[in-house]
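> Provided below are the primary sequence and the corresponding predicted coordinates.
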Amino acid sequence: MTRHIPISEFKDHTSELVAAAENGEEIVITRHGRPAVVLKAFSDLADRRQKAREAMDRILARREQMRAAGMTATIEELIAWKNEGQR
């Protein structure tokens, strides 16, 4: 989906529009009614976010498995697991 936004409106809603672009929306910023700039997410960023979400899901699943077995993990272990998921 593409949305056209006047530059004055972009200034007032920058964070919201950047978030929309990060979620896959293409934002065309206009000046005097003419397209001036296109704002869209880097696909690499979206891939990295998805990988980070998947890594956190695996960590949380492992934590639940450990809890069910009566075991615990330190914060250092959780951080190490997170970092392993970034590779």
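Cool, got the structure. Numbers count the residues shown, from 1 in each chain.
> domain assignment for this structure?
Listed domain ranges for the chain are 2-39, 45-85 (source: automatic domain parsing).
> Give me the phi and psi for the residue of the chain most remote from its centre.
When each C-alpha in the chain is compared with the mean C-alpha position (C-alpha atoms, centre = their mean), residue 70 comes out farthest, at 33.4 Å. Note on residue 70: backbone dihedrals following degrees, to the nearest 10 are phi 80, psi 20.
> Kindly report the same for residue 25.
Per-residue torsions, residue 25: phi -80, psi 140 (degrees, to the nearest 10).
> which residues touch it?
The contact partners of residue 25, by C-beta atoms under 8 Å, 6 or more residues apart in numbering, come to 1, 2, 3, 40. Using the backbone N, CA and C atoms, a C-beta is placed for each residue, glycine as well.
> mind checking the longest helix of this protein?
The residue-count maximum for a helix in the chain (DSSP state H) belongs to helix 43-68.
> List the buried residues of it.
Judged by neighbour count (16 or more other C-beta atoms under 10 Å), helix 43-68 contains these buried residues: 55, 59, 63.
> What number of residues are in the vicinity of residue 75?
Other residues near residue 75 come to 7 when the count uses other C-beta atoms under 10 Å.
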